[in-house]
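Chemist: My questions concern the predicted model and sequence given below.
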Amino acid sequence: MGATDTATTSAMINGGVSQPLNTMEKLGKALFFDTNLSTPKGQSCAVCHGPEAGWTGPLSEINAHGAVYEGAKHNRFGNRKPPSSAYATPSPVFHMTSPGEFMGGNFWDGRATGEILGNPAADQAQGPFLNPLEQANPNMQVICQRIKQSRFAEELVGESYAALFAQVFGPGSFDCRPRNLQATYDYVGLAIAAYEGSSEVNAYSAKFDAWQAGMVELTEQEMMGWQLFNGKALCSVCHLTTPGPNGEPPLFTDFRYHNLGVPKNPENPFYTQHKKFNPDGENWIDPGLAGFLETRPEYQEFAEQNYGKHRTPTLRNADLRPDETFVKAFMHNGVFKSLEEVVAFYNSRDTGMWPPPEVDQNLSPLLGDLGLSAQEQAALVAFMKTLNDGFMSE
Ligand code: HEC
Ligand code: HEC
């Protein structure tokens, strides 16, 4: 496609990939990429959500092993692989759809519910700054002071944080005094979520989108993959290929929770974390959704039936990486290292050739012995590669 065609296509799909960010999105962008806002300094959101790696872990070496990223404090690790921070904003507020069945929220286990700020991504964005295993600030006051002192917004978008806050949330809205601190911190969450929801992050600029818009053809192999995805391989039962909750192009998730029976990742550094963070040591098992439900009196009774379930991730940008040799990790614990391996697992979980599931209950019956040939598995992988953004701006 020529440059003009490309611009026209993206304009048709999302109003233009290169559409300039509005002021609130610019503020969110600065907060997202600013490495001055952690304790100690040096860690921005992008350290674990790099755009070049499809908004997930940008370090090949880490992905190839434990797939869990070190927090701002040396040697402090969380327990899960960073999911994509793109396409997270359309997730509905966490809710129960029928007794024991849940939908929405952010994080693998939905615990950024969206109940606080009305949007899971905004609730989520407040978490990492204070999480001792991520940006590790002791309290909101410290974050506020760090934002106040940082010159990063000027460097990145040409205006100071104070000026950006004033324009978006009103004069004097950036205020670290105790009585206004919570409001200021809510603005931080909302601004980051606005950036995460912008057309720069949720670009819908993949070959798939161009194909849906009738601008390009899929290859024979990609087309075969698409048909399998929606048919024999059952992928679209959970990775929906219908429009999103607000009429977005397909997001390839149902925002619901399932246990696929993924094996443990023995290299997860969390197994050897200090007892204070992981009292179970190497016997630790990721409870998934159940871990969050147990913290909520109204949902506790449903914990057992949701043990080991994780929220279906988007498949957009699943394969996006800075170069061919770069390793990406898949699933909540990053145990799989290629899309080929993921598809092989779906095809043959129940044939005895994989290590036992991390959680051997509530297993989804939709996978395990799909009877896909090598050619069919390769076609599924080829199709998933059409979901990488950037196709339309090349
Ligand atoms: C040390 C690495 C690290 C840093 C720093 C970090 N994250 Fe994350 N992020 C993660 C991990 C790990 C998860 C999944 C946690 C879980 O599910 O328990 C996650 C989850 C998310 C999600 C949820 C996506 C979804 O679909 O559920 C979003 C959005 C997100 N992060 C945005 C951010 C923002 C914004 C920042 C900066 C304020 C940030 N992250 C900083 C590692 C990190
Ligand atoms: C029962 C619902 C369900 C079905 C069917 C399903 N998936 Fe998934 N998929 C999930 C869930 C849930 C996860 C995350 C599981 C976890 O981390 O434990 C996931 C994870 C993935 C991932 C890893 C993404 C990442 O960012 O880590 C890929 C790739 C994937 N699925 C592709 C497929 C393909 C291809 C098919 C069809 C062969 C398929 N899925 C069928 C629910 C499903």
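Modeler: Everything's here; your move. Since we're looking at a predicted model, the values are computed, not measured. Ligands and ions are numbered 1, 2, ... in the order given.

Chemist: Quick one: residues contacting residue 225.
Modeler: Applying CB atoms under 8 Å, 6 or more residues apart in numbering to residue 225 gives the contacts 379, 380, 381, 382, 383, 384. Every C-beta, even on glycine, is put in place using the N, C-alpha and C of the backbone.

Chemist: How is it assigned, secondary-structure-wise?
Modeler: helix (DSSP: H, G, I helix; E, B strand; the rest coil).

Chemist: So it versus residue 383, what's the distance?
Modeler: 3 Å (CB to CB, to the nearest Å).

Chemist: cool, and residue 274?
Modeler: 43 Å.

Chemist: And the two? Which one has more around it.
Modeler: Neighbour totals were compared for residue 274 and residue 383, and residue 383 leads with 27 against 9 (other CB atoms under 10 Å).

Chemist: and residue 94, what does it touch?
Modeler: Residues near residue 94 by CB under 8 Å, 6+ apart: 102, 103, 104, 105, 110, 113, 114, 115, 120.

Chemist: hey, where'd the helices end up in the stretch 101-250 of the chain?
Modeler: 120-130, 140-149, 152-157, 161-169, 178-196, 207-212, 220-230 (DSSP state H, counting those that start in this stretch).

Chemist: Residue 387: what's it in contact with?
Modeler: With contact taken as CB under 8 Å, 6+ apart, residue 387 is in contact with 206, 207, 208, 252, 315, 316, 317, 318, 319.

Chemist: In this structure the last one contacts residue 384, no?
Modeler: Yes. Under the criterion of CB atoms under 8 Å, residue 319 is in contact with residue 384, at a separation of 5.9 Å.

Chemist: Between these two, point out the one with more neighbours.
Modeler: More neighbours surround residue 384 than the other of residue 319 and residue 384, with 25 against 18 (other CB under 10 Å).

Chemist: Can you tell me how far that one is from ligand 1?
Modeler: Separation of residue 384 from ligand 1 (CB to the nearest ligand atom, to the nearest Å): 17 Å.

Chemist: other SSEs contacting the helix or strand where that residue lies?
Modeler: Following DSSP states H and E, one finds residue 384 within helix 374-384. The elements that helix 374-384 packs onto, with contact taken as 3 or more CB pairs under 8 Å, 6 or more residues apart in numbering; DSSP states H and E, are helix 220-230, helix 339-348.

Chemist: got those as TSV, with mean pLDDT columns?
Modeler: Putting these into TSV (pLDDT from 0 to 100) gives the following:
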stretch	mean pLDDT
helix 220-230	98
helix 339-348	98
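
Chemist: Alright, I will stop here.
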